[in-house]
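Q: Let me see the structure of the following:
(chains A and B)
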Amino acid sequence: MRKLTVFLAAIFAFAVAANAQGIAVGATMEDFSLAGTDGKTHSLNSLKGEKGAVVMFLSAQCPVVKGYIERINAVAADYKSKGITFIGINSNATEDFAWVKSDGDQNFKFPMLIDKGNKLADKLGATVTPEAYYVDAKNTLLYHGAIDNDRSGKAITDQYLRAAFDQSLAGQKVVNTRKNAFGCTIKKAGAQ
Amino acid sequence: MSKLFVVLVKAALCAVFALLLIEPLSAQGMPKAAKGTSPKAAAASPKVTQIDIDGLKKLLEPSGKPLLINFWATWCDPCREEFPDLVKLDGEYKGRVDFITVSLDDLEDIGTLVPKFLREVKAEMPAYLLKTPDESAAITMVAKDWSGNLPLTVLYDAAGQAAYTRPGKFKYETLKEEIEKSLSPKK
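A: Got it, this is the predicted structure:
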C-alpha cells in the first residue's frame, strides 16, 4: 500500500512538473480554438499550413515585440509560400480586444487570436513575448523560443527560427530546438 | 574723475563676468563631492558596467553574504515599477545583503537611458548591463525554468544557492520576508 502511495505521489509530482513547464520539444501540440480579432473562431489545424505553423505569443504594448514587427512579418512572408503559416496569440490580460485588434490589423499580416484567461499560454508554458512555438504538419513541436539572437536587430548572428524552418523543410533534424531571449512578461489574468 | 569711474565700473563688470564664467567651468572639472555635495549625492550618478556571460557567472559566485540580483530593462514597465522597492530594500539591508542589478538594455544605452533611470530612482547598488550573443545560455545559467521574461529577481543565500526566484514584478513584503529568511541561521 505504501509503495502504491509513493508511486501515485511520484506520478502526481511528474504531472504537476510537466504542466508547469508546458509542452516539450518533440511532443504533440493539441489542437486549440480561439476567437480571432476578425470576430471568427479559428483553430490551430484550420490555420496551419501544409508544412506546419508557428504559434507566436505577442503583445500590443511590449517594446521588444514592437522591435520585432518587421522581422516577424518578413519571416512569415518568406515561409508562407513554403507551407508554414503564422498564428499570432495575445494572452495579455492588460490588453483589451480593441487594442489587440488595432495592433494586429496595423502590424501583423497573419491572424491574431485572443487567449482569454491565458489558458493556451499556461498549457504551452508561454511566459514571454515574443515567444515562438513551431510545429510541423503533424503538430509535433520542433522548436520553441526566440526568433533570433539580437533584439536590436543590429548584430544578428543566429536566426533560430529561420534555421529551424530550413532544417525541417530539408528533412533534417532541427539543431537548436530551444533558445531563450529576454523579453516582456505575459501579463496573466489574476497573476500575483 | 568721471573717466576713472567708468574704468572702475568696467573692471567690476569684468570681474563679475569672469566669476560667472569660472564657476561652471570649475564645476565641470571637479568631482561633484569636492564641490561640497555629500558622498551620497556623488554616488547618485551610477556607473553602469558592461558584462558578458563570464562576468555574470563571476557576479553569481558566493561572497559569504546573501545576494539579491535583479534583471531589468528601461523598456520594461513592471521593472521600472518595482525598482523603487528594490532601492528601499537595498537601503534597509545595506552591509548584510549584496544587491546588484543587471540591465538588458541595448549597449548604446549604457551611458544614457540606464544611468538616467538609476539616478532618478536614487539607486546606489552596483549596476551592470549584460551583452552577450547567447542570451539563452545566460538565461539558463540563472534559472533553468526561466524563459527570459523580465523582470526577474533571484535571492541567493550566503552559500550561493538560489533561495527565492521571482519572475515578474515582486511584492515588497514577500521579498523582505525572503531576505529575512536568508539572514536567519538555519535550524
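
Q: Do a quick rundown of the strands in chain A.
A: In chain A, the strands defined using DSSP state E lie at A:33-36, A:41-43, A:52-58, A:84-90, A:112-114, A:128-129, A:131-136, A:141-145, A:178-179, A:183-185.

Q: which other residues reach the first one?
A: Outside strand A:33-36, the residues within contact range by C-beta atoms under 8 Å, 6 or more residues apart in numbering or on different chains are A:T41, A:H42, A:S43, A:L44, A:I89, A:P111, A:M112, A:L113, A:I114, A:D115, A:K116, A:L120. All C-beta spots, glycine's among them, are computed from the backbone N, C-alpha and C.

Q: How about the contacts made by the third one?
A: Which is A:S43. Counted by C-beta under 8 Å, 6+ apart, A:S43 has contacts A:D31, A:F32, A:S33.

Q: Can you tell me which of those has the most neighbours?
A: A:F32 (18 neighbours; other C-beta atoms under 10 Å in any protein chain shown).

Q: Name the helix or strand for B:L129, please.
A: Using DSSP states H and E, B:L129 sits in strand B:127-130.

Q: Sheet partners, orientation included, of that strand?
A: Partners of strand B:127-130 in the sheet, by DSSP bridges, are strand B:48-51 (parallel), strand B:98-103 (parallel).

Q: how distant is the last one from the center of its chain?
A: Centroid displacement of strand B:98-103 relative to its chain, using C-alpha atoms, centre = their mean, to the nearest Å, is 7 Å.

Q: who touches that strand?
A: For strand B:98-103, the surrounding residues in contact (C-beta under 8 Å, 6+ apart) are B:48, B:51, B:56, B:59, B:63, B:65-74, B:86, B:89-90, B:93, B:109-110, B:114, B:118, B:123, B:125-130.

Q: What's the local residue count around A:T41?
A: Neighbourhood size, A:T41 [other C-beta under 10 Å]: 11.

Q: Report the contact partners of it.
A: For A:T41, the contact set (C-beta under 8 Å, 6+ apart) comprises A:S33, A:L34, A:A35.

Q: which one of the residues you listed sits closest to A:A155?
A: Using C-beta to C-beta, A:L34 is the member of the contacts of A:T41 that sits closest to A:A155, with 35.3 Å.

Q: Any idea what that closest one is bridged to?
A: So, taking DSSP bridges as the rule, A:L34 has A:H42 as bridge partners.

Q: re earlier: how about the strands of chain A in JSON lines, adding distance to B:A158 and mean pLDDT?
A: Listed next are the strands of chain A as JSON lines, based on distance: least, C-beta to C-beta, whole Å; pLDDT from 0 to 100:
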{"stretch": "strand A:33-36", "distance to B:A158": "47", "mean pLDDT": "98"}
{"stretch": "strand A:41-43", "distance to B:A158": "52", "mean pLDDT": "98"}
{"stretch": "strand A:52-58", "distance to B:A158": "38", "mean pLDDT": "98"}
{"stretch": "strand A:84-90", "distance to B:A158": "42", "mean pLDDT": "98"}
{"stretch": "strand A:112-114", "distance to B:A158": "46", "mean pLDDT": "98"}
{"stretch": "strand A:128-129", "distance to B:A158": "31", "mean pLDDT": "98"}
{"stretch": "strand A:131-136", "distance to B:A158": "35", "mean pLDDT": "98"}
{"stretch": "strand A:141-145", "distance to B:A158": "34", "mean pLDDT": "98"}
{"stretch": "strand A:178-179", "distance to B:A158": "32", "mean pLDDT": "97"}
{"stretch": "strand A:183-185", "distance to B:A158": "29", "mean pLDDT": "97"}
